[in-house]
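# what follows is a protein structure lacking sequence information:
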């Protein structure tokens, strides 16, 4: 996992930037709900000293898929405050396909978490418990990157 953090202040505007990489897999055949979400990538952002912010999250990844797999991968974003309180933010993002040949597909999404109080936050992109991998094991999520830009509103 790599990480980069860069706070910038220009006049009354403040910006904080951070990015991390990660991944998960190869995944087994999952035809029933798994007990816990699987973490794909986590990034922290510190907006202490800023006013309320818009935190723009940009998630990119490569989903590698073996021949004959049928997948529905549901990605959720979790925001954790420095005191340990966690909440799901934003919608669920779904990647779904049936593979006839060995392939890798890009999957990405953006989410703007608005009106966020100053503080130290950790955002996690997770595979939700209702994701399904059918027929063939071996799907993986590679080169997952979660970048966050926080700016005063």
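Structure's in. What do you need? None of the values given here were measured: they were computed from a predicted structure.

# the most centrally placed residue in the chain is in what secondary structure piece?
By C-alpha atoms, centre = their mean, the chain has its centre lying nearest to residue 125, at 2.6 Å. Per DSSP states H and E: residue 125 is located in strand 120-127.

# again, but for residue 41
Using DSSP H and E, residue 41 falls in strand 38-46.

# mind giving me the packing neighbours of that strand?
strand 3-10, strand 13-27, strand 53-65, strand 120-127, strand 139-152 (3 or more C-beta pairs under 8 Å, 6 or more residues apart in numbering; DSSP states H and E). Where you see a C-beta, it was placed from the backbone N, CA and C, and this is true even at glycine.

# if you average pLDDT over each of the ones you listed, which is lowest?
The minimum mean pLDDT among the helices and strands packed on strand 38-46 belongs to strand 3-10 (a mean of 52).

# coming back round to it: what's the mean pLDDT across the strand holding residue 41?
96.

# list the buried residues of it.
38, 40-46 (16 or more other C-beta atoms under 10 Å).

# can you check stretch 91-99 too?
Quick answer for stretch 91-99 (16+ other C-beta under 10 Å): 93, 95, 97, 99.
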